[in-house]
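Enquirer: dropping a prediction and its sequence here:
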Amino acid sequence: MSNLLNSLITELRRGTLTLAVLSQLQTPQYGYSLVQLLEASGIAIDQSTLYPLLRRLEKQELVLSSWDTSESRPRKYYVLSDYGKEIFLQLKEEWMKNSKELYRLLKGENEDGIN
């Protein structure tokens, strides 16, 4: 695969990973559980990508974090904030709309279903 193609694929995935991560934070998750949930849905994400993304989402106030120290190994859990829930729903709606439009384009149809 060419460097250009790799770069374009990375660019294409960047936004989708953010949406995928937000979609799984309706309930509290820690990093590894999040990786497992995403991989079970066919979305591979490296921890070296996930943790900076989680920190950015927390800084943007879309995600809240808290430490659970009840087990022998402390875990940092992440969950959508109320603001994050609002933003997620808007992003999801936009993604669904854009996906339908792009699918039509890639199939070679206009809005009337005419090629």
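Expert: Cool, got the structure.

Enquirer: quick one: secondary structure of Tyr77?
Expert: Going by DSSP: H, G, I helix; E, B strand; the rest coil, the secondary structure assigned to Tyr77 is strand.

Enquirer: meant to ask about Leu64
Expert: In three-state terms, and counting by three-state DSSP, Leu64 is strand.

Enquirer: against Ser41, how distant is it?
Expert: 23 Å (C-beta to C-beta, to the nearest Å). C-betas here are computed from N, CA, C, even on glycine.

Enquirer: quick one, which of those two is more surrounded?
Expert: Of the pair Leu64 and Ser41, Leu64 is the one with more neighbours under other C-beta atoms under 10 Å, namely 17 against 10.

Enquirer: what about the nearest residue to the more buried one once chain neighbours are set aside, neighbour count?
Expert: Spatial nearest neighbour of Leu64, excluding adjacent residues (C-beta to C-beta, 6 or more residues apart in numbering): Ser81 at 4.9 Å. For Ser81, the count of nearby residues is 17 (other C-beta under 10 Å).

Enquirer: wait, what's in contact with Ser81?
Expert: Glu61, Leu62, Val63, Leu64 (C-beta atoms under 8 Å, 6 or more residues apart in numbering).

Enquirer: phi and psi next, for it.
Expert: Backbone geometry at Ser81, expressed as degrees, to the nearest 10, gives phi -80, psi 170.

Enquirer: where exactly do the helices run in this protein?
Expert: Ranges of helices within the chain are 3-23, 31-40, 47-59, 82-107, based on DSSP state H.

Enquirer: buried set for the last one?
Expert: Within helix 82-107, the residues that count as buried by 16 or more other C-beta atoms under 10 Å are Gly84, Ile87, Phe88, Leu91.
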